[in-house]
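Asks: Okay, structure incoming, though there's no sequence with it:
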């Protein structure tokens, strides 16, 4: 991620002292005893010592670690995840001790400087380790492999960005990265990423307009809608950087849009992606001109309806019968948590966000011993209660409740907690990835013998069709 220039934060010794004031008790010492687990997952304490000689950098480093460990991202990790963080932190302490820097603050140098220094040290000490990951591609049903950075560099980025946030005392909307958790807006916690990163918009004039527009958009629409529109503006910014680097707000005219349309065609984007980019740009231009009445932006219509590609025919929206038969056949091969989630989807057709955020206390019964599912409906913003009929589904929920309470006690409020933290719900992306990896492994195919790709919303349509036509069996047993 690109960083804002460090001088914008007006580093001062006074601000640095305020950071140090947050550290008290053990956190003010140079040796910490942190709760962890051993290889048998039994509780134990692990030591983290801050041994590098530069006191100014040491205090900043301690503040960043304290913040993340007590209230930031690391605070939400499982103990096993925290242990991995602690292991990497020790490497960073050793590196900084070897570096012997006399700088008064990490922010006196850009993030790229520190990353280069750390990477060089890791290479020189034969410890540099790139990581390999893979992603299942929906269109080809094959895995695409990625090489990602050494985890210790990712960890240092977190430390640096924590300090950036601590020193930057500007208004939230003036910053180039907005943390939506501080904006008081409703967030879908089953979706990853709750930050708006404006640093990927390279043109200062466009970045300023984008901030003003998205602040307005955030007051009317959801956080996810705002994130999608920012993505569209980032794509347009990249086009400008490549095709019209000298363009300014006065150059936003039909001729420029025609050049953008030409580039979109050349990129061979999926219809839905093309429509997303173009629709987000049109909403931005028209809102800035007519709602926000920003001077300099033309009020002429620049993007017309016939500029959009036709909607692709996605075929049937429910899961085809032949796929349901295979799903039933191989259902037991699903990972346990995924099996229970799929069972609930096939029974009641929840939205995936509603399923992922189910409360651990979602199952209720009445005086007739009939069972109901209680959940928060995201569209209406109200709690709903619906009856459950299938005994297997009721049993699956009860077993899941027992396992979560046994493992986490009262610390977990979700029926399906995140794999990284009991304080967060299961991620939608994790559900989709695991389901389609299973489908590939099981060779689930459609009637034309093509490998089938699941979307979570298909389960909702499948249940809907079953309710419309109850005489048709939704799944062969």
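Replies: Yep, that arrived. The structure presented is a predicted model; accordingly, all values stated were derived computationally and were not measured.

Asks: sec struct for the residue lying farthest from the centre of the chain, please.
Replies: Relative to the mean C-alpha coordinate of the chain, counting by Cα atoms, centre = their mean, the farthest residue is residue 368 (42.3 Å). Under DSSP: H, G, I helix; E, B strand; the rest coil, the three-state class of residue 368 is coil.

Asks: Can you report phi and psi for it?
Replies: Per-residue torsions, residue 368: phi -100, psi 10 (degrees, to the nearest 10).

Asks: gap between it and residue 224?
Replies: Distance of residue 368 to residue 224, given as Cβ to Cβ, to the nearest Å: 40 Å. C-beta coordinates here come from the backbone N, C-alpha and C atoms, glycine included.

Asks: if I pick residue 355, what's in contact with it?
Replies: By Cβ atoms under 8 Å, 6 or more residues apart in numbering, the contact set of residue 355 is 341, 344, 345, 416, 431, 456.

Asks: Can you classify it by secondary structure?
Replies: Local secondary structure at residue 355 is given as helix here, using three-state DSSP.

Asks: can you pull the pLDDT of it?
Replies: We note a pLDDT of 96 for residue 355 in this prediction.

Asks: how close does it sit to residue 466?
Replies: According to Cβ to Cβ, residue 355 and residue 466 sit 17 Å apart.

Asks: cool, residue 309 as well?
Replies: To residue 466, residue 309 is 33 Å away according to Cβ to Cβ.

Asks: Count the neighbours of residue 293 for me.
Replies: As a burial measure, residue 293 scores 10 neighbours (other Cβ atoms under 10 Å).

Asks: same question, residue 108
Replies: 14.

Asks: Please look at it and residue 11 and confirm they touch.
Replies: Yes - contact status for residue 108 versus residue 11: in contact at 7.0 Å, counting by Cβ atoms under 8 Å.

Asks: List the contacts of residue 190.
Replies: In this structure, residue 190 makes contact with 352, 353, 356, 357, 425, 426, 427, 428, judged by Cβ under 8 Å, 6+ apart.

Asks: rerun that using 10 Å as the cut-off
Replies: Contacts of residue 190 were listed using Cβ atoms under 10 Å, 6 or more residues apart in numbering, and they are 351-357, 378, 414, 416, 418, 424-431.

Asks: among these, which are in helices?
Replies: Using DSSP state H, the members of the contacts of residue 190 that fall within helices are 352, 353, 354, 355, 356, 428, 429, 430, 431.

Asks: thinking the fifth one is in contact with residue 337, fair?
Replies: No - under the criterion of Cβ atoms under 10 Å, residue 356 lies out of contact with residue 337, with a separation of 11.1 Å.

Asks: Of these two, give the one with the bigger neighbour count.
Replies: Between residue 356 and residue 337, counting by other Cβ under 10 Å, residue 356 is the more crowded of the two (26 against 18).

Asks: which one is that one nearest to, not counting chain neighbours?
Replies: Taking Cβ to Cβ, 6 or more residues apart in numbering, and ignoring the residues beside it in sequence, residue 356 has residue 190 as its nearest neighbour in space, at 3.6 Å.

Asks: secondary structure element for the one you found?
Replies: Per DSSP states H and E: residue 190 is located in neither a helix nor a strand.

Asks: All further residue positions should be reported with the first residue as 24.
Replies: Okay, using 24 as the starting number, the last item reads as residue 213.

Asks: From residue 378, how far out is it?
Replies: Here the distance between residue 213 and residue 378 works out to 8 Å (Cβ to Cβ).

Asks: and if you look at residue 402?
Replies: According to Cβ to Cβ, residue 402 stands 14 Å off from residue 378.
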